[in-house]
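In: structure, please.
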Amino acid sequence: MIEDGVFELSHKVKKETEFFKLDTKLVEALDHHRDDVWYISSEVTFSTHIGTHIEAPFHHLKEGIKVADLSINKLIGNCVVLDFTYKKDQEEISLDEIRKFDSQVRKDDIVFIRTDMDKLYGTPRWQEGPHMSEDAIRWLIKKQIACFGSDAWNMETPGTDFQPVHTALFEAGIPMIESLRNLGSIMGGGFEVFILPLPILGLDASPIRAIAIRKEKLKDL
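Out: Residues are numbered from 1 along each chain as shown. From the prediction side, this is the model:
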């Protein structure tokens, strides 16, 4: 058992607080069961960007790789959480600020930006938060990280019409995760992250179940 070493990083999703399309309904089973046996199934229609989700290069690049084709090596690995909780709404995370973490970020790391905006998930203020500068994201790209994510709605440069942060990551083959949660619980290193999108062919993005496990607990598996 390793429950004490596992941390949930995904939001539970419900239609009432979701920005993107989400419709669910229960469907009666066809037959083959007695009348007193409960047997039900569900049908779901949703945007690929609901809840905590991962975006693949195909989201912005016509010939980019799709979610189901992402290498598993980009979705499982060492996690580094960079703390920017002191940043306010609309403030930029600069190159000089991200460089302070040079000794912590290594090739093939999964890098998450902590803003604590997950506490506002599903509220009218959910779309607030800081953003990455283009220089800062390109610095991370040069470090050859495997995946980038944050607990905010978006890390994109405001006032642009082509999403330069997304595009730079995708051109480098790096997927992007939005709307993580609970990053404060996995500060300080020593965690392996598992990112599990739906393997549906042809999609630009997918809701995910993301968990972090203390490396010292993995031997209990």
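In: can you pull the contacts of the residue nearest in space to the middle of the chain?
Out: By CA atoms, centre = their mean, the chain has its centre lying nearest to I177, at 2.7 Å. Contact analysis of I177 by CB atoms under 8 Å, 6 or more residues apart in numbering lists 52-55, 112, 147-150, 195, 208, 210. Using the backbone N, CA and C atoms, a C-beta is placed for each residue, glycine as well.
In: roughly how far apart are it and I145?
Out: 12 Å (CB to CB, to the nearest Å).
In: still on that earlier bit, now the residue nearest to the centre of the chain. Its backbone dihedrals?
Out: Dihedral angles phi and psi of I177 (degrees, to the nearest 10) take the values phi -110, psi 140.
In: go on, L82?
Out: phi -100, psi 130.
In: quick one: buried residues of the biggest strand by length in the chain?
Out: Across the chain, the longest stretch assigned as strand under DSSP state E is strand 205-214. If you call a residue buried by 16 or more other CB atoms under 10 Å, then strand 205-214 has these buried ones: 205-208, 210-214.
In: run me through the strand neighbours of the helix or strand of the chain with the lowest mean pLDDT, direction for each.
Out: Lowest mean confidence among the helices and strands of the chain (mean pLDDT, DSSP states H and E): strand 22-28, at a mean of 91. Sheet pairing of strand 22-28 (DSSP bridges) gives strand 40-46 (antiparallel).
In: show me the shaky parts of this structure.
Out: Residues of the chain that meet the criterion pLDDT under 70 lie in 1-3, 29-31, 221.
In: same thing but 80
Out: 1-3, 28-35, 219-221 (pLDDT under 80).
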